[in-house]
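Colleague: Just need the structure, nothing else, for what follows:
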Amino acid sequence: MLEDTNAVFMLWGDAEVMRFVGSGKPHKNFDESRRWLEWTIAYHDKHEFCRWAVVEKASEKVIGSCGYLYQNCNREIGLGYYFARPFWGQGYATEIAEACLKYGFEKLNIKEIVATVDVQHLASQRVLEKIGFKFEEIRQNDDGTVDKFYVSMKSEESK
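Modeller: Sure thing, here's the model as predicted:
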């Protein structure tokens, strides 16, 4: 688990990576990343999904994360992703988000998948639009502080 904690801290400890993720605050230390990893494992055991590690085939290193979490008081399943800065702008987000979306519909039998993106995070908005998400509305975070760009997509069978 130490190797995984290092990978989590590499991502979640970087303020620029975390700028548009969750609270926007990076992890301060390895212990915080270890606790987050433990929470993620328990979350996956309970829900059969979480934000999984994205591993680059060539280097076998964790370069990001992509997957699902419940959001809006567990009423919606949200797709999310983030990557280490050296891997930004190389198409990884589009590739893995599209594969994760397909997995969610085909293997997890999710009927509707949503994504929220900070209104300032234009690159992430473009990724979602490339893989078929449509803009629906502006929403505020649960704490009411930050406006979000909101998109949703339904599986073919639930349309």
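Colleague: What segments of the protein are strands?
Modeller: Assigned by DSSP state E, the chain shows strands spanning 51-55, 62-71, 76-83, 112-118, 134-140, 147-154.
Colleague: Going by mean pLDDT, which of those comes out lowest?
Modeller: Comparing mean pLDDT over the strands of the chain, the weakest stretch is strand 147-154, at a mean of 69.
Colleague: thinking again about what came up before, generate a markdown table for the strands of the chain, with distance to residue 89 and mean neighbour count as supplementary columns.
Modeller: In short, each C-beta sits where N, CA and C put it, glycine included. Shown next, in a markdown table, are the strands of the chain (distance: least, C-beta to C-beta, whole Å; neighbours: other C-beta atoms under 10 Å):
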| stretch | distance to residue 89 | mean neighbour count |
| --- | --- | --- |
| strand 51-55 | 15 | 19 |
| strand 62-71 | 13 | 20 |
| strand 76-83 | 9 | 20 |
| strand 112-118 | 16 | 20 |
| strand 134-140 | 22 | 11 |
| strand 147-154 | 19 | 18 |
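Colleague: Out of these, which is closest to residue 18?
Modeller: Residue 18 lies closest, by C-beta to C-beta, to one member of the strands of the chain: strand 76-83, at 7.8 Å.
Colleague: angle of the closest one against strand 51-55?
Modeller: Interaxial angle, strand 76-83 versus strand 51-55 (axes from the mean of the first three to the mean of the last three C-alpha atoms, to 10 degrees): 30 degrees.
Colleague: which residues touch strand 76-83?
Modeller: 11, 17-18, 21, 49, 51, 54, 63-72, 92-93, 96-97, 100-101, 104, 110, 112-116, 124, 127 (C-beta atoms under 8 Å, 6 or more residues apart in numbering).
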